[in-house]
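1. Return a 3D structure for these sequence lines:
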Amino acid sequence: MSQNYNLWDGIDDALPPRSRLASLKPFGQGTPFQESLSGLIIRLARIHTCDPKQLLNLEILQNTALKQLRPTGGFVSFDLRTMNGGGKYASEVSRRLEELTLQDNLINCSFLPWSNIIAKKGMGILHSHPHWCSNCIEEWRKNNLEAYLPLLWFAYSVNSCTKHGNILSDKCSHCGKHQPFVPRHTFLDHCSHCGHWLGDEKYGCSGSSEAAPIDDFEIFQREAVGEMISHPPYSNLATFENFLSRLKYVIETEFNGVVTHYERSIGFRQSSIKQWLDGKRPSLPLFMRMTQRLGTTPVQFLKGNLTNAFFSKGEIFSFQHTVKKYAVTETTHKEIRSALLSIIASGESTIPTKTIAERLGYKYSWLKYWHPEPCLEISRFYRQHLSREAQRKRNNAENITREVVRELFEKKIKITRRAVQKILFRHSIFLSRPEIRAAFNDEKRVLFLPFFAPHGQKK
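-> Numbering: from 1, shown residues only. Down below sits the predicted model:
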């Protein structure tokens, strides 16, 4: 007797859950070149063919505990840098991205796994501006690989490339400007301001591969931070309690429990380690410095893998003052004041007071403290210079706009915004600026006015 079998029996026809955004996997997972959270957002915007700021505003920043829901200039240029750190921005953005892309462990794209040990606030975790390796970008282009931003490049303790050994760049070699953390376009290997390729260092801009040589501590820092990124800490490892237990073990076993002896031995300021024992979290550079002088790394220190190199040599590091003191005589003060007054006598200053202080061999804060009145006067002259330069550039842009309109008119080409903007783009001039748009409309009005008769009159 034949039986009828339903071919769909036992088959689950339910569709798997769909993500709101593309489930884009971060590059370099499990390696020191793990992709950063900000770089992942920019690549997501490229896949969805939208502006990165729009993606942040309309999707990612929604339903978060962040107060800023509209990405303004300062917000995307500076505030959002902490999304790669270990604070509130990193927590909220990574959580929201995991919801939108249905992925897990996106916190590894930031320093959030280390937030229980490293101090969240203050300098020491992230650079104030994005950094990149021009050699890596050039290598990716030659191999037809997509450019991305590794988390390693954002670390404040890392100033050189682990792979090529050159100093990381922080300014465009063409226009000399810093890059925002959320650029205007989705091409990570091009400048957000002038569109120039960031793998080109032929202009020799500050921060290029021809900068100062790299010392041993810099090499140690980039290797140690790479180890921290490639080996995300376990739940019982990345705790402040574990850090304190390892620290107390070293002090008790090697220094008989005397904290000040330990501080002097590793060259730390008095009470620095005591503050950690009292509950204050260390900054990343100080944590790096301590482990380096113990002959280990942060990851190995937390695992309890301490070498005997430091303890067997009995080496004692001297404390180095971070504040530079100047031995300045009264004669030197008079010479400095005379140099400042000569600038004031000229009636203008085309360079800021900070640059003048550097040329004199002093810090700006020191110069402003000892010679406040000349510094304020020079700063006023420099602001006037900037105002004149801005007006000159504005007038030049307006003249170029008028010339473009007249050129199209003489060639009998239809004068449209698209046609004019195509030519103005070569000069980095945009019709979105009100003064440029006004010059465009005024010139059109002047050119076409003779072709129209006054109201109520015949031509």
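
2. Grab the nearest non-local neighbour of Met290.
-> Take Met290 and drop its neighbours on the chain: the residue closest to it by Cβ to Cβ, 6 or more residues apart in numbering is Ile266, 6.0 Å away. All C-beta atoms are positioned from the backbone trio N, CA, C, and that covers glycine.

3. ugh, wrong one, I meant Thr239
-> With sequence-adjacent residues excluded and distances taken as Cβ to Cβ, 6+ apart, Thr239 is closest to Asn116, at 5.3 Å.

4. My guess is Glu138 contacts Gly199. True?
-> Yes. Using Cβ atoms under 8 Å, Glu138 is in contact with Gly199, at 4.0 Å.

5. Of the two, which one has the most company?
-> Between Glu138 and Gly199, counted using other Cβ atoms under 10 Å, the more crowded position is Gly199 (21 against 17).

6. Determine the three-state secondary structure at that one.
-> Following DSSP: H, G, I helix; E, B strand; the rest coil, we place Gly199 in the coil state.

7. and it, what are its phi and psi?
-> Dihedral pair for Gly199: phi -90, psi 0, per degrees, to the nearest 10.

8. ok, now Asp442?
-> phi -70, psi -40.

9. ok, it - how many residues close by?
-> Residues contacting Asp442 under the criterion other Cβ under 10 Å number 14.

10. which non-adjacent residue is nearest it?
-> Nearest non-adjacent residue to Asp442, counting by Cβ to Cβ, 6+ apart: Arg402, 7.9 Å away.

11. Give me the distance between Pro26 and Leu44.
-> Separation of Pro26 from Leu44 (Cβ to Cβ, to the nearest Å): 11 Å.

12. Relative to Ser265, how far out is the residue lying closest to Ile214 once chain neighbours are set aside?
-> Nearest residue to Ile214, sequence neighbours excluded (Cβ to Cβ, 6+ apart): Ser160, at 5.0 Å. Separation of Ser160 from Ser265 (Cβ to Cβ): 29 Å.

13. And for Phe27?
-> In terms of Cβ to Cβ, Phe27 sits 42 Å off from Ser265.

14. who's in contact with stretch 127-136?
-> Residues outside stretch 127-136 that contact it (Cβ atoms under 8 Å, 6 or more residues apart in numbering) are 78, 81, 149, 153-156, 158-159, 161, 163-164, 166, 168-170, 173, 178-181, 198-201, 207-209.

15. buried ones in it?
-> His127, His129, Pro130, His131, Trp132, Cys133, Ser134, Asn135, Cys136 (16 or more other Cβ atoms under 10 Å).

16. now, which of those residues lie within strands?
-> Using DSSP state E, no member of those falls in strands.

17. Just the ones of the residues you listed in helices?
-> Those of the buried residues of stretch 127-136 mapping onto helices are Ser134, Asn135, Cys136, per DSSP state H.

18. What is the nearest of these to Met228?
-> Met228 lies nearest to Cys136 out of these, by Cβ to Cβ, at 19.6 Å.

19. per-residue confidence at the closest one?
-> We have a pLDDT of 93 for Cys136.

20. how far away is it from Phe33?
-> Using Cβ to Cβ, one obtains 9 Å as the distance from Cys136 to Phe33.

21. So, low pLDDT: which residues of this structure?
-> Scanning the chain for pLDDT under 70 picks out the ranges 1-13, 67-79, 121-123, 201-213, 232-235, 307-326, 451-459.

22. Kindly state the domain boundaries assigned to it.
-> Per automatic domain parsing, the structural domains of the chain span 20-229, 233-313, 330-449.

23. most packed of those?
-> domain 20-229 (a mean of 18; mean count of other Cβ atoms under 10 Å).

24. As a check, name the ranges of all helices in the stretch 201-350 of the chain.
-> Taking DSSP state H, counting those that start in this stretch, the helices of the stretch 201-350 of the chain run over residues 216-230, 240-255, 259-265, 272-277, 284-293, 298-303, 309-313, 330-346.

25. Please produce TSV containing the ones you listed, extended by distance to Asn57.
-> Output for the helices of the stretch 201-350 of the chain, formatted as TSV (distance: least, Cβ to Cβ, whole Å):
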stretch	distance to Asn57
helix 216-230	29
helix 240-255	35
helix 259-265	48
helix 272-277	40
helix 284-293	31
helix 298-303	36
helix 309-313	51
helix 330-346	45
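
26. Can you name the element that comes right after the helix ranked longest in the chain?
-> Across the chain, the helix with the greatest residue count (assigned by DSSP H) is helix 372-410. Where DSSP states H and E defines the elements, the next helix or strand beyond helix 372-410 is helix 417-424.

27. CA-only coordinates of that next one in PDB, if you can.
-> Extracted in PDB, the C-alpha atoms of helix 417-424 (Å, rounded to 0.1, in the frame of the first residue of the first chain):
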ATOM      1  CA  ARG A 417      24.900  75.300 -11.000                       C
ATOM      2  CA  ARG A 418      26.100  71.800 -12.000                       C
ATOM      3  CA  ALA A 419      28.200  73.200 -14.800                       C
ATOM      4  CA  VAL A 420      29.700  76.000 -12.700                       C
ATOM      5  CA  GLN A 421      30.300  73.700  -9.700                       C
ATOM      6  CA  LYS A 422      32.200  71.200 -11.900                       C
ATOM      7  CA  ILE A 423      34.700  73.900 -12.800                       C
ATOM      8  CA  LEU A 424      34.900  75.400  -9.300                       C
END
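
28. chain center to it: distance?
-> When distances are taken as Cα atoms, centre = their mean, to the nearest Å, helix 417-424 is centred 32 Å away from the chain's centroid.

29. List of residues touching that helix?
-> Applying Cβ under 8 Å, 6+ apart, the contact partners of helix 417-424 are Ile400, Thr401, Val404, Val405, Leu408, Ile413, Phe430, Leu431, Ile436, Phe440.

30. now, among those, which is nearest to Phe240?
-> Distances from Phe240 to those, taken by Cβ to Cβ, are shortest for Phe430, at 50.0 Å.

31. which residues does that closest one contact?
-> Taking Cβ under 8 Å, 6+ apart, we find Phe430 in contact with Gln421, Leu424, Ile436.

32. can you list the residues you listed in CSV and add distance to Arg96?
-> Listed next are the contacts of Phe430 as CSV, based on distance: Cβ to Cβ, whole Å:
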residue, distance to Arg96
Gln421, 35
Leu424, 38
Ile436, 37
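
33. and of those residues, the nearest to His333?
-> Ranked by distance to His333 (Cβ to Cβ), those are led by Ile436 at 48.7 Å.
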